[in-house]
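Q: Build me a model from this:
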Amino acid sequence: MYCITDSVGITVSLWNHRENDVFKQRINLAPFNRLNITVTDVPSDIWFVVLQIHTFQYNATLSYDKALLDKVSSRSLFGSNIGLYLKTHDVIAPIQVFLKHDNVHNLDALLVIVTYGRNGKYVQITLIIICTSVFIIFSFSSSICLWN
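A: Residues are numbered from 1 along each chain as shown. Here you go, the predicted model:
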């Protein structure tokens, strides 16, 4: 597993990752900035990942489509602790999502990618919020969502 960052994007390789592994990387974006996040080298036994952005003070937008970053849609999320489901099984090309923030301050965030295998129908995600003592756990299946 490795991570390459440049001025426009971050590329995360999940090479040698297994089911339920977690990739974590702190990122810092300058005011009114955007970031392309690319996930590559996903092993064939990983069926999907949940890519999450956790911020402390400021909201951000995470989107499947670059064109939807400035629009309200069902393919983007706005908030401080957000995540997208990304199907990886039988996907050969790199997977890309897009992050932006419209704050006048730098955005300090934690990028988290959690891998799941074929039996990932019951998923537990632990949200880690930077610089706070809050700890939230939620679980969901195809029919229920539980907050603890």
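
Q: longest strand anywhere in this structure?
A: Longest strand in the chain by number of residues (criterion: DSSP state E): strand 107-116.

Q: Neighbouring strands - and their directions - for it?
A: Its sheet considered, strand 107-116 pairs with strand 22-29 (antiparallel), strand 48-55 (antiparallel) by DSSP bridges.

Q: What strands line up against the helix or strand following the last one, and which way round?
A: Next in sequence after strand 48-55, counting helices and strands by DSSP states H and E, comes strand 60-63. Strand pairing for strand 60-63, determined by DSSP bridges: strand 76-79 (antiparallel), strand 95-100 (antiparallel).

Q: I would like the residues contacting strand 60-63, please.
A: 51, 53, 69, 73, 75-80, 82-84, 97-101, 107, 109 (Cβ atoms under 8 Å, 6 or more residues apart in numbering). Every residue, glycine included, has its C-beta placed from N, CA and C.

Q: Kindly report the same for stretch 109-118.
A: 10, 12, 14, 17-29, 37, 39, 42, 45-55, 60, 83, 89, 123, 125, 128, 130.

Q: Kindly report the same for stretch 76-90.
A: 39, 42, 44, 46-65, 68-69, 72, 95, 97, 112, 118, 125, 127, 129, 136.
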